[in-house]
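*Asks:* dropping the sequence and predicted coords here.
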Amino acid sequence: MANNKDDASRDSAPDLKILGDQITLQPSGYVEPPPSSAAAATAHDEEALMKHTAHFRSEPLQFLREVSLYVSGTGWRAYDHVIGQPIFYQGFSENMKNAVLSAPLLNAHIARLAERRLAVEESQGTLGGGEHLKNSKDYVIRKSQRRSALEKGLREVAEKWTDEMICKFESKTFIRGAYYLITQLLTRAYHQGIHVSSEEVIRLRRVAEQAAAKKQSIVFLPCHRSHVDYVSMQLICYRLGIALPVVVAGDNLNFPLVGSFLQHAGAFYIRRAFGDDVLYATLVQTYIDTLLQGGFNLECFIEGGRSRTGKLLPPMFGILGFIIDSLLSGRVEDTIICPVSTQYDKVIETEGYVTELLGVPKKKENLADFLSGGSSMLSLRLGRVDVRFHEPWSLRGFINDQLSRLGQSPSLSIETGGTMDPVLRQKLLRTLGYKVLADINAVSVVMPTALIGTVLLTLRGRGVGKTELIRRVEWLIERVRAKGGRVAHFGNAPLSVVIERGLEVLGKDLVGVAEGLAEPTYYAVDRFQLSFYRNMTIHLFITEALVSAAMYTRVKQGGGPAIQDISMQDLRDQVLFLSSLFRGEFIFSGEGLSINLQKTLVGLEADKVITLKRDETSGEITSVGLSDVEREVGRENYDFYCFLIWPFIESSWLAAVSLMGLTPPPGMHNEVWIEVSKAQNSAQLLGKTLYHQGDLSYFEAVNKETLKNSYKRFEEEGIIDIVKSKDAKIPPRLRLSPEWQPPRDPQTGNLKALGSRLWVFTEKIAASRREGKNRRNGATVSTRVVRLTDILGTRLFVQAVSGVEPKAKMKGKGKARGRIGGEDVVEGSVGSTATTATTVSHATLSSEDALALKKSVREGRRRRSLEKRAKL
């Protein structure tokens, strides 16, 4: 039997091929075109799920033939006999709009809103007539007419918003043309096509048939890394004859021409934020009710926006909340949930992601960029897209199971207009969200580019030779499989060829090669962008990475095993601390820390990475250390796990250090509030400075998303207080909680960070940081870093109270308020009075915001006490 250890497909289902309308199984992955004409003759009738289409220049007759087949709707292209409810007919949009506007839920809310407004007008006396005339016939008639007018106005607004919001599956001719156009673009950019598992697709079709018979919807919940996600999903459903899902999309995509195109292809536009607009929220709920009641498929991204970092983001509960309320209210009996993973050899937008993560504001979508982006796609060679479908499951079954576990009746239902215990609802939502993320991770495949990126970013040296690169990728594939992960496969191609293709897709801008050496040596050119692909594998090894980082608190001390071994208690404490620190950053197993830690230690021992010393009597683990085998191979496997987590530890340390700058400067009280975005931008600037000065090992530690996640965790733990005003014009603001503020030297005004509660917390993070020559002298680090963060923090306070950038050139004369920490503070100036007044009002809290803060702080303390978990 041939040795097939290089064959990455041995434990995966084959990809799908289609012969006409019949689904058949074919060899997996990308297969080169048959070399002989005889072979071509036997294969010409078969089609890949997504195949290359003819080009007008090279094959004009074939190109015209293909276009005519789509226009005439020949065969499967007709899209006539789809699995699901009827779509793409004249009048579809009007029928959907009428169903929404006639829904009892919407009309009940419109009546309530009109009644509230009527009550306000009545109390203000704008309806006319004195108190003694309120029971007169004329007054009652006038009141009834005003109520009707208010309801009519609200219905007109609702009708307008509905038309802007709903998808418009109207024309089969349109969707056939759209399918052909998008396939042309996508299969030229992703030249190795879109691949799916045959087993998963056959199962999906079977579930879709059952759901259609019951008039139930399938809710597709994909991860979100690219705009290509929803395009590929629509293409797959079209090609397989499954009713296209209605796709929840942000209204930022609803710009001229493109917005209408997407709406007719399935886009359902919603605002990014609803605020206090009860009518709009009710309208969204009603539309989702209508879709689920009618059995129409729905698609929304569990993470909300696109992941700029390559790994899964925490779940967003907005649309999930509407879906779950549809079932809890009894308005919808059941719906089917289908988690979906979409992986790429290369993501088109990664360069744009890097600029955003480095602090450059995101550009607003527009037609020019859309057209230029589409045309530039034609010349790209981005490899392939792999789409995997988790086994679908009943949402009603999930809710009943969770309610039973929580001691509630599975028949729990809310009558329309009723309420549910918010804590219980939030538990349901949170469990649902993280279950979907776990299901996505379970079916995700690791792409060759992710394997290469991971290896290159977990090397201790500058680069790696081709032979060593293959060896480490092979080792990584084995580790992925051992952890229950799946690796994308490329048919019978040997691993060396797969790696060559992966390097070609990544390109020389990401991975360079040094020629003229004893062997070609590959190295990371753009580590920041390459980290996107490394982050696609980290979820598989997160517990190993945390254990390794906890062990590093001893390993970095050097010396023999006696010095480097760590006690089980110390290891547990540091792992508990780190896992709590990264609770919002990674998706952890729901089995709990003790079980996860035990499994991880046993697994690392079996892999000969560590040795476990046990008590002779009880058999309990007493200490953990590196194994002799791991020392002999230069700690390469142990280092691999450390390198995975170190950039995130660096980022959390940076975020914690930046908080010290939020200590009010001398002479300023504690009630000055800083805009959250400005504080995070200041932290990013601090990180860039420390990186160039050698105090940060990883430039990706300044990643804006990771810093945001750290700030969110600090808020959850009460380290910082954040206030979100009801006034949409006032941005969220923060302050360092008083009990976490380091003291200042009364003589010099300098921060006395060492020994403070915040410094101890920061040092606990630093204990697991990668050692560096600039960081071995703790006193030097504390002096330099604290000085920088204090300077940047002072600038934030100056800007908050003055409304102007410090040291900026001012027009006209302003009244000086004095100096704070060496920075000029100006109260006002010609041409900037309005800006100053607005900013000053933002720097202090209104009485309403102050009350909301007290309530928030009290609830946060109560929640942390009830959760009974490790405190940061």
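*Replies:* Arrived safely. Residues are numbered from 1 along each chain as shown.

*Asks:* so where's this structure shaky on pLDDT?
*Replies:* 1-76, 128-135, 362-379, 409-420, 490-491, 669-670, 772-781, 803-841, 862-872 (pLDDT under 70).

*Asks:* give me the longest strand you can find in it.
*Replies:* strand 336-344 (DSSP state E).

*Asks:* partners of that strand, with directions?
*Replies:* Strand 336-344 pairs in its sheet with strand 218-222 (parallel), strand 385-389 (antiparallel), strand 393-394 (antiparallel), by DSSP bridges.

*Asks:* what's next to the second one, contact-wise?
*Replies:* So that's strand 385-389. Strand 385-389 is contacted by residues 186, 190, 193-197, 200-201, 203-204, 228, 232-233, 236, 338-345, 443-445, 447, 486, 488 when judged by C-beta atoms under 8 Å, 6 or more residues apart in numbering. Yep, even glycine has a C-beta here, placed from its N, CA and C like the rest.

*Asks:* helix or strand right after the helix or strand where residue 184 lies?
*Replies:* Element membership for residue 184, per DSSP states H and E: helix 172-189. Next in sequence after helix 172-189, counting helices and strands by DSSP H and E, comes strand 194-196.

*Asks:* and that following strand, how far out from the chain middle?
*Replies:* 22 Å (C-alpha atoms, centre = their mean, to the nearest Å).

*Asks:* could you look up the next helix or strand downstream of that strand?
*Replies:* helix 198-214.

*Asks:* residues of that following helix that come out buried?
*Replies:* Going by neighbour count (16 or more other C-beta atoms under 10 Å), the buried part of helix 198-214 is 198, 200, 201, 203, 204, 207, 208, 211, 212.

*Asks:* put the alpha carbons of that helix into PDB.
*Replies:* Presented in PDB, the C-alpha positions along helix 198-214 are these (Å, rounded to 0.1, in the frame of the first residue of the first chain):
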ATOM      1  CA  SER A 198     -20.400  16.300  -1.000                       C
ATOM      2  CA  GLU A 199     -21.700  14.600   2.200                       C
ATOM      3  CA  GLU A 200     -22.600  18.000   3.800                       C
ATOM      4  CA  VAL A 201     -24.300  19.200   0.700                       C
ATOM      5  CA  ILE A 202     -26.400  16.000   0.200                       C
ATOM      6  CA  ARG A 203     -27.400  16.300   3.900                       C
ATOM      7  CA  LEU A 204     -28.300  20.000   3.400                       C
ATOM      8  CA  ARG A 205     -30.500  19.200   0.400                       C
ATOM      9  CA  ARG A 206     -32.300  16.500   2.400                       C
ATOM     10  CA  VAL A 207     -32.800  18.900   5.400                       C
ATOM     11  CA  ALA A 208     -34.000  21.600   2.900                       C
ATOM     12  CA  GLU A 209     -36.600  19.200   1.500                       C
ATOM     13  CA  GLN A 210     -37.900  18.300   5.000                       C
ATOM     14  CA  ALA A 211     -38.000  22.000   5.900                       C
ATOM     15  CA  ALA A 212     -39.900  22.900   2.700                       C
ATOM     16  CA  ALA A 213     -42.500  20.300   3.400                       C
ATOM     17  CA  LYS A 214     -43.000  21.700   6.900                       C
END
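
*Asks:* what is it packed up against?
*Replies:* Applying 3 or more C-beta pairs under 8 Å, 6 or more residues apart in numbering; DSSP states H and E, one finds that helix 198-214 makes contact with strand 22-25, strand 218-222, helix 228-240, strand 336-344, strand 385-389.

*Asks:* how far is it from where the chain is centred?
*Replies:* Computed by C-alpha atoms, centre = their mean, the chain-centroid distance of helix 198-214 equals 28 Å.

*Asks:* returning to what we had before: let me have the strands paired with strand 336-344 in CSV, extended by mean neighbour count.
*Replies:* What follows is those, written out as CSV (neighbours: other C-beta atoms under 10 Å):
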stretch, mean neighbour count
strand 218-222, 25
strand 385-389, 25
strand 393-394, 14
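
*Asks:* of the ones you listed, which approaches residue 737 most closely?
*Replies:* strand 218-222 (36.3 Å; C-beta to C-beta).

*Asks:* test my guess that residue 758 contacts residue 658.
*Replies:* No. In this structure, residue 758 is not within contact of residue 658 by C-beta atoms under 8 Å, at 10.7 Å.

*Asks:* ok, those two, which is more surrounded?
*Replies:* residue 658 (26 against 22; other C-beta atoms under 10 Å).

*Asks:* so residue 612 sits in a strand?
*Replies:* Yes. Assignment of residue 612 by DSSP: H, G, I helix; E, B strand; the rest coil places it within a strand.

*Asks:* so for stretch 178-188, what gets flagged as buried?
*Replies:* Applying 16+ other C-beta under 10 Å to stretch 178-188 flags 178, 179, 180, 182, 183, 184, 185, 186, 187, 188 as buried.

*Asks:* what's near enough to touch the closest residue in space to residue 860 that isn't next to it in sequence?
*Replies:* Sequence neighbours aside, residue 718 is the residue nearest to residue 860 in space, at 5.4 Å (criterion: C-beta to C-beta, 6 or more residues apart in numbering). The neighbours of residue 718, taking C-beta under 8 Å, 6+ apart as the test, are 737, 857, 860, 861, 864.

*Asks:* can you report how many residues neighbour residue 560?
*Replies:* Counted by other C-beta under 10 Å, the residues lying close to residue 560 total 9.

*Asks:* distance of it from residue 407?
*Replies:* 54 Å (C-beta to C-beta, to the nearest Å).

*Asks:* just residue 478 next, same as before
*Replies:* Applying C-beta to C-beta, the value for residue 478 to residue 407 is 44 Å.

*Asks:* what do you get for residue 386?
*Replies:* Applying C-beta to C-beta to residue 386 and residue 407 gives a distance of 41 Å.

*Asks:* figure out which of the strands paired with strand 336-344 is closest to residue 684.
*Replies:* Using C-beta to C-beta, these put strand 218-222 closest to residue 684, at 29.8 Å.

*Asks:* what's in contact with that closest one?
*Replies:* By C-beta under 8 Å, 6+ apart, strand 218-222 touches 207-208, 211, 229-230, 233, 245, 292, 297-302, 323, 335-342, 392, 395, 436, 440.

*Asks:* gap between it and the chain center?
*Replies:* On C-alpha atoms, centre = their mean, the centre of strand 218-222 falls 16 Å from the chain's centre.

*Asks:* re earlier: in JSON lines, list the contacts of residue 718 along with neighbour count and secondary structure.
*Replies:* Listed next are the contacts of residue 718 as JSON lines, based on neighbours: other C-beta atoms under 10 Å; DSSP: H, G, I helix; E, B strand; the rest coil:
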{"residue": "737", "neighbour count": "21", "secondary structure": "coil"}
{"residue": "857", "neighbour count": "13", "secondary structure": "helix"}
{"residue": "860", "neighbour count": "16", "secondary structure": "helix"}
{"residue": "861", "neighbour count": "11", "secondary structure": "helix"}
{"residue": "864", "neighbour count": "15", "secondary structure": "helix"}
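
*Asks:* let's have those in a markdown table, adding distance to residue 649.
*Replies:* A markdown table is the format used below for the contacts of residue 718 (distance: C-beta to C-beta, whole Å):
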| residue | distance to residue 649 |
| --- | --- |
| 737 | 23 |
| 857 | 28 |
| 860 | 25 |
| 861 | 27 |
| 864 | 23 |
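
*Asks:* which one of those residues is nearest to residue 595?
*Replies:* Using C-beta to C-beta, the contacts of residue 718 come closest to residue 595 at residue 864, 23.3 Å.

*Asks:* hang on, the earlier thing: which one of the contacts of residue 718 is nearest residue 626?
*Replies:* Once C-beta to C-beta is applied, the member of these that ends up nearest residue 626 is residue 864, at 35.7 Å.

*Asks:* residue 278: what's it in contact with?
*Replies:* Per C-beta under 8 Å, 6+ apart, neighbours of residue 278: 109, 113.

*Asks:* from residue 505, how far out is it?
*Replies:* Residue 278 is 49 Å from residue 505, by C-beta to C-beta.

*Asks:* what's the domain layout of the protein?
*Replies:* As recorded under automatic domain parsing, the domains making up the chain are 104-159, 172-245+297-443, 446-536, 539-634, 643-867.
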